[in-house]
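**Q** Need the 3D shape of this:
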Amino acid sequence: MVTNILVIGLTQEHAGKTSLAQALLSYFSDQEQKTCGFKPFSGYNYWYHFDMAHQSLSEGRLYSRDITKLKQHSTIETPIELVNPIHRLWNEPAIMDSLTTIPPFIMDRFSIFQNNILKNHLLINQLLTDQLPQKYQKRLGEKEYDLHYIDTIQSMNSIIQSYYNQAIDSCYKQIEKKADIIVVESYADNALLPWKTLSQFDIVLGIKPWEIHRYDPEKYVKAVQLSKPVSAWETSTKKIVDLLKPLEIFKQKPVVSTEIIDKLKEQIPEIIS
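**A** Numbers count the residues shown, from 1 in each chain. Take a look at the predicted model:
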């Protein structure tokens, strides 16, 4: 049976999710377990994270910087799109028409594993296509993507509802066949993504500066379900803090970046015991 570990951020930015996920993967990999990191949904801003945008778009691809770090500590070899099924390229919101209801993103890449093939798709916001330079559009055009163009919130929601659950479920099931340990890293401060396949976990860890919180997995899922509005796809970890107390809180101290993973690995036996 595969062991699923969920890592969530208790702050919106710089919580330390990726560092903790790397430490977990490295710890179990050292024990000769078959490990894999999984980031169901990710995104970065084209302006503020241009280095990463340039790197992936120059390859004609879209993927998370975090998942590249998780793959370094995973023992299972997978296409990067399989372990990062959905990635969003955000635009700078300031240039958006205030009357537009579509979120300010340029495009999504989503990937579905079907009939033994990983098929990649692009959901393209026609209102912001011109924000992406032709050189990147050309590289994307050289790849085999199924294209979905949207210009209304209704058309966007239709594609999301039709494909996004399938993307995450189909990719996860392929990883599940090969892995002993799957470390699932959430996005920003999202408490839990609404994918049915990822509704049960063996270990749930929340992280923020100075602290790592361990939660009862079953109670955690129930707390998220209680706090999530019916119409929402996700909920913030802030909303569940009042509903659920952690089983235990582990203290952590700031360390230089080159030592973060090793220092966290030293705490893993105590955290997961």
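**Q** low pLDDT regions in the chain?
**A** 94-100, 193-197, 228-233 (pLDDT under 70).
**Q** where exactly do the strands run in it?
**A** Ranges of strands in the chain, per DSSP state E, are 3-9, 35-38, 41-45, 86-90, 105-114, 117-125, 145-150, 181-185, 203-208, 211-215, 248-251.
**Q** Turn those strands into JSON lines, including mean neighbour count.
**A** Glycine gets a C-beta too; all of them are placed from N, C-alpha and C. Formatted as JSON lines, the strands of the chain follow (neighbours: other C-beta atoms under 10 Å):
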{"stretch": "strand 3-9", "mean neighbour count": "24"}
{"stretch": "strand 35-38", "mean neighbour count": "28"}
{"stretch": "strand 41-45", "mean neighbour count": "20"}
{"stretch": "strand 86-90", "mean neighbour count": "23"}
{"stretch": "strand 105-114", "mean neighbour count": "22"}
{"stretch": "strand 117-125", "mean neighbour count": "18"}
{"stretch": "strand 145-150", "mean neighbour count": "16"}
{"stretch": "strand 181-185", "mean neighbour count": "26"}
{"stretch": "strand 203-208", "mean neighbour count": "23"}
{"stretch": "strand 211-215", "mean neighbour count": "20"}
{"stretch": "strand 248-251", "mean neighbour count": "12"}
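**Q** export those strands to a markdown table and tack on distance to residue 257?
**A** What follows is the strands of the chain, written out as a markdown table (distance: least, C-beta to C-beta, whole Å):
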| stretch | distance to residue 257 |
| --- | --- |
| strand 3-9 | 18 |
| strand 35-38 | 19 |
| strand 41-45 | 19 |
| strand 86-90 | 24 |
| strand 105-114 | 29 |
| strand 117-125 | 33 |
| strand 145-150 | 35 |
| strand 181-185 | 18 |
| strand 203-208 | 16 |
| strand 211-215 | 18 |
| strand 248-251 | 19 |
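**Q** For residue 223, see how far away the nearest residue to residue 53 once chain neighbours are set aside is.
**A** In space, and not counting its chain neighbours, residue 53 is closest to residue 46: 5.0 Å by C-beta to C-beta, 6 or more residues apart in numbering. Applying C-beta to C-beta, to the nearest Å, the value for residue 46 to residue 223 is 34 Å.
**Q** where's the closest residue to residue 90 other than its chain neighbours relative to residue 53, distance?
**A** Using C-beta to C-beta, 6+ apart and skipping the chain neighbours, the partner closest in space to residue 90 is residue 45 (4.4 Å). Going from residue 45 to residue 53 by C-beta to C-beta gives 8 Å.
**Q** Next up, the contacts around the nearest residue in space to residue 119 that is not next to it in sequence.
**A** Nearest non-adjacent residue to residue 119, counting by C-beta to C-beta, 6+ apart: residue 112, 5.3 Å away. Neighbouring residues of residue 112 by C-beta atoms under 8 Å, 6 or more residues apart in numbering: 85, 118-119, 121, 163, 166-167, 170-171.
**Q** next one: residue 171
**A** Contacts of residue 171 (C-beta under 8 Å, 6+ apart): 38, 81-83, 85, 111-113, 118.
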